[in-house]
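> 3D model of this:
(2 chains)
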2 protein chains.
Amino acid sequence: MDVTNRIERALTDALNQADMAGCPPRLAVAMRSAVFPRGARVRPRLCHSVALACGEDNPGITEAAGAALELMHCASLIHDDLPCFDGADLRRGRPSVHKAFGEPLAVLAGDAMIVLAFQTIARAEGPADRLLKLTQLIGSAVGVPFGIVAGQAWECESEINLAHYHRSKTGALFVAATAMGAASAGADPEPWRMVGEKIGEAYQVADDLRDAAADVEEIGKPVGQDIAHDRPSAVREMGIDGAIYHLKSLVRGAVEAMPDCTNGNELRSLIMSEATRLVPAKLAATAA
Amino acid sequence: MDVTNRIERALTDALNQADMAGCPPRLAVAMRSAVFPRGARVRPRLCHSVALACGEDNPGITEAAGAALELMHCASLIHDDLPCFDGADLRRGRPSVHKAFGEPLAVLAGDAMIVLAFQTIARAEGPADRLLKLTQLIGSAVGVPFGIVAGQAWECESEINLAHYHRSKTGALFVAATAMGAASAGADPEPWRMVGEKIGEAYQVADDLRDAAADVEEIGKPVGQDIAHDRPSAVREMGIDGAIYHLKSLVRGAVEAMPDCTNGNELRSLIMSEATRLVPAKLAATAA
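Reported below is the predicted structural model:
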C-alpha cells in the first residue's frame, strides 16, 4: 500500500474510533469535514518518508504518528479560522467549520481532534516506550512553550518575538514530523529536528508567497491576509524575489542536514518536489 | 506531604514546564489564572484517594494523573465559559478567562491545557505501560464519543440524548478519576469505573441543585443557568427534594460499588464528606 493510502486509511480509522454509536452526530460530521476531503497531508507524508528512510519496522506506529500530526494540523486550522482569530469563511475551497457548523461545534471539534491525536498514538500496537516518546514529541509540538498553540498566541501579545513566533506557529509540527518519523522507526529523533526545522521554515516562506501572490482559486482560501491582519511575513521582509531565493536555500539546507540513514533517496526527492509544488504557479512561471 | 499539597505542587510543576522562557507571556498568565487560586480539586482528590486505597507504589504517577485531570477540567471550564457557549463572565468569583484576556487567549489557553495534561502524564517517571494506560484513560474521558467534549457537544444537537449527555459532560472525568487512581497504583482500573460513575452522577445532581438554589456569593458563578439556557437538570426533572434524595442514594451506591482494596476507609470518608459539602448551605439547613 502506498503512503497516500496508508495516511488516508489511518485517518479514516481514527475518525471511525471517534464517530461510534453515542457520539453527538453533528460533532462527528464537523470533525470529518475538517479532515476530508484530503489536503496535501504534508506533515504525515514527511513523517512516513523519514520513517522509511530510517528503516521502518512497525508500520502501524508510523501510521498512528502520521494521523496524529494531521489531526493536530486540522484542529489548529479550525481554531485559527474562528471569528476571534482570522474569521476565515473559506478553507480548502469550502466553508470553514465555524461557518458550516457554528462556533460552538468549531471549538469542540478542534478540542476533540487534539485529544483524538493523542488517543491515536496511545491506541497503536507496539512498544510502550516508543509510543510514549511519540506522545512527548507531539505534545511539545502543539503545546507551550514552543508548539503551534504558543505560536498562535504570539499574535495576542503587544510585543511579538518573531523568532519564537515562526518557530512555533509553523515550524513545530514540521520538526515533530521528522522527529516522530524517526522515533516511529525506533531511531533517535534528535538529529532529525534540524531537517524538520528547515522544511518548516521553507514552508512558512512558501505560505507567505502564496498569501502575497496566489489566487483564491489556486489555494482555496482567502489571500492577502498577512497585510490585512498586519502579520509578519517573509515577503514583507525581503520581497518576492528575496523570499523565493530564501526558500530554495532552506530546501538545500534541509537535504544537507539529513543524518545518515538506511534509505534517504525517497526523502530527498520528496523534499525537493514539495519545494517546487509550494511556489504559486504564476511565480514559478516568472522565475522559470 | 498531604494530598492537598501534593495536588497543588504537581499543578505548579506542570505550569512551570509550560511557562518557560520563550512562552508568550499573556498566554502563560491566562493559563495560570484558570488553575490558581485553587478550586475544590474534586477530581484529583478522588484520583489520589483511589490510588492510596489501592496501595499506591509510585506517588509521582498519581500526582501526574491528578494534575492531568484538573488541567482537563479547567480547560473545559475556559471553553464552556466562552461567549459562544455560556458566555459566563464570572468563574470562581473572578472574571472568566475570556473576560480577562479576550476570546483568542481563552481558546488557546484551553487548547494548551488539554495538551499540557497529556504532556504531564507522558513526562512522569515510571513504567511506560502504566503511563500509556493513563493516557488512554484520560483521552477517553475528554474526547469523543463519550468524553466531556462530546458531552458539551450534545448541547449543539437538535435532539439531545440525555443519558449520553450526563454520562459524558460530567461523568466521564469522574470515571477517569477513579480508574486513573487505580491505574496509577498499578491496579486494574475497570472495577473502579462504577464508583466514578455514581460519584459523577451525584456531582451532577449537586451541581443542578446549586444552580437552582444557591446564591452567586456561595458558588462564585452565575446561578439559574439551566433554566436560562433551557438545559436538562435533575431539579427540573424531580424537584428539589427528589434531587436531594437521589443524590444521597447515589453516594451510598458509590461506596457500595468499591471493589476490595488495601485501604478503603479514607476513600469512603471522602465520598461521604464531598456529598455533604456539595449541597447548597440553605438547602442543607432546610433538610437538617
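> chain center to the one helix or strand residue A:199 maps to, what's the gap?
Secondary structure assignment for residue A:199, by DSSP states H and E: helix A:193-213. Put simply, helix A:193-213 sits 11 Å off its chain's centre (CA atoms, centre = their mean, to the nearest Å).
> and if you look at stretch A:207-215?
Here stretch A:207-215 is found 17 Å from its chain centre; the criterion is CA atoms, centre = their mean.
> just stretch A:98-106 next, same as before
22 Å.
> could you work out the end-to-end span of it for me?
Start-to-end span of stretch A:98-106 (CA to CA, to the nearest Å) is 5 Å.
> ok, and for it, which residues are buried?
Buried residues in stretch A:98-106, counted by 16 or more other CB atoms under 10 Å in any protein chain shown: A:98-101, A:103-106. Glycine gets a C-beta too; all of them are placed from N, C-alpha and C.
> quickly check: that stretch near chain B or not.
Yes: Stretch A:98-106 reaches chain B (CB under 8 Å from any CB of the partner chain) through A:101-105.
> low-scoring stretches of chain A, by residue?
A:214-222, A:284-288 (pLDDT under 70).
> strands along that one, start to end?
A:90-91, A:94-95 (DSSP state E).
> mean neighbour count and distance to residue A:52 added to those, as CSV?
Formatted as CSV, those follow (neighbours: other CB atoms under 10 Å in any protein chain shown; distance: least, CB to CB, whole Å):
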stretch, mean neighbour count, distance to residue A:52
strand A:90-91, 20, 30
strand A:94-95, 14, 32
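> so for residue B:60, which of the ones you listed sits nearest?
For the strands of chain A, the distance to residue B:60 is smallest for strand A:90-91, at 42.0 Å, taking CB to CB.
> look up how far chain B lies from the nearest residue to residue A:185 once chain neighbours are set aside.
Distance criterion CB to CB, 6 or more residues apart in numbering or on different chains; nearest residue to residue A:185, sequence neighbours excluded, is residue A:54 at 3.9 Å. Per CB to the nearest CB, to the nearest Å, residue A:54 is found 21 Å from chain B.
> circling back to that earlier point, can you add distance to chain B and give the strands of chain A back as TSV?
Below are the strands of chain A laid out as TSV (distance: least, CB to the nearest CB, whole Å):
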stretch	distance to chain B
strand A:90-91	17
strand A:94-95	17
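> any chance of those in CSV, plus distance to residue A:202?
CSV is the format used below for these (distance: least, CB to CB, whole Å):
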stretch, distance to residue A:202
strand A:90-91, 22
strand A:94-95, 27
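> which of those strands sits closest to residue B:84?
For residue B:84, the closest of those is strand A:94-95, at 16.8 Å, according to CB to CB.
> sheet-wise, list the partners of that closest one with their directions.
Paired with strand A:94-95 in the same sheet, following DSSP bridges, are strand A:90-91 (antiparallel).
> quick one, what contacts residue A:213?
A:235, A:240, A:280, A:282-283 (CB atoms under 8 Å, 6 or more residues apart in numbering or on different chains).
> against which helices or strands is the longest helix seen in chain A packed?
Criterion DSSP state H: the longest helix present in chain A is helix A:234-257. Helices and strands touching helix A:234-257, by 3 or more CB pairs under 8 Å, 6 or more residues apart in numbering or on different chains; DSSP states H and E, are helix A:193-213, helix A:225-228, helix A:265-278, helix A:281-287.
> buried sites along that helix?
For helix A:234-257, burial by neighbour count (16+ other CB under 10 Å) applies to A:234-235, A:240, A:243-244, A:246-248, A:250-251, A:253-255, A:257.
> need the max-distance pair from those.
Across those (CB to CB), the longest gap, 26.1 Å, separates A:240 and A:257.
> what's near enough to touch the spatially closest residue to residue A:246 that is not a sequence neighbour?
Distances taken as CB to CB, 6+ apart put residue A:205 closest to residue A:246, at 5.7 Å, once the chain neighbours are dropped. Residue A:205 makes contacts with A:234, A:243, A:246-247, A:250, as judged by CB under 8 Å, 6+ apart.
> from chain B, how far out is residue A:205?
22 Å.
> likewise for residue A:116?
With CB to the nearest CB as the criterion, residue A:116 and chain B are 6 Å apart.
> list the contacts of that residue.
Applying CB under 8 Å, 6+ apart to residue A:116 gives the contacts A:14-15, A:17-18, A:31, A:71, B:139, B:143-144.
> any chance of those in JSON lines, plus neighbour count?
JSON lines is the format used below for these (neighbours: other CB atoms under 10 Å in any protein chain shown):
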{"residue": "A:14", "neighbour count": "25"}
{"residue": "A:15", "neighbour count": "21"}
{"residue": "A:17", "neighbour count": "16"}
{"residue": "A:18", "neighbour count": "23"}
{"residue": "A:31", "neighbour count": "30"}
{"residue": "A:71", "neighbour count": "29"}
{"residue": "B:139", "neighbour count": "24"}
{"residue": "B:143", "neighbour count": "26"}
{"residue": "B:144", "neighbour count": "30"}
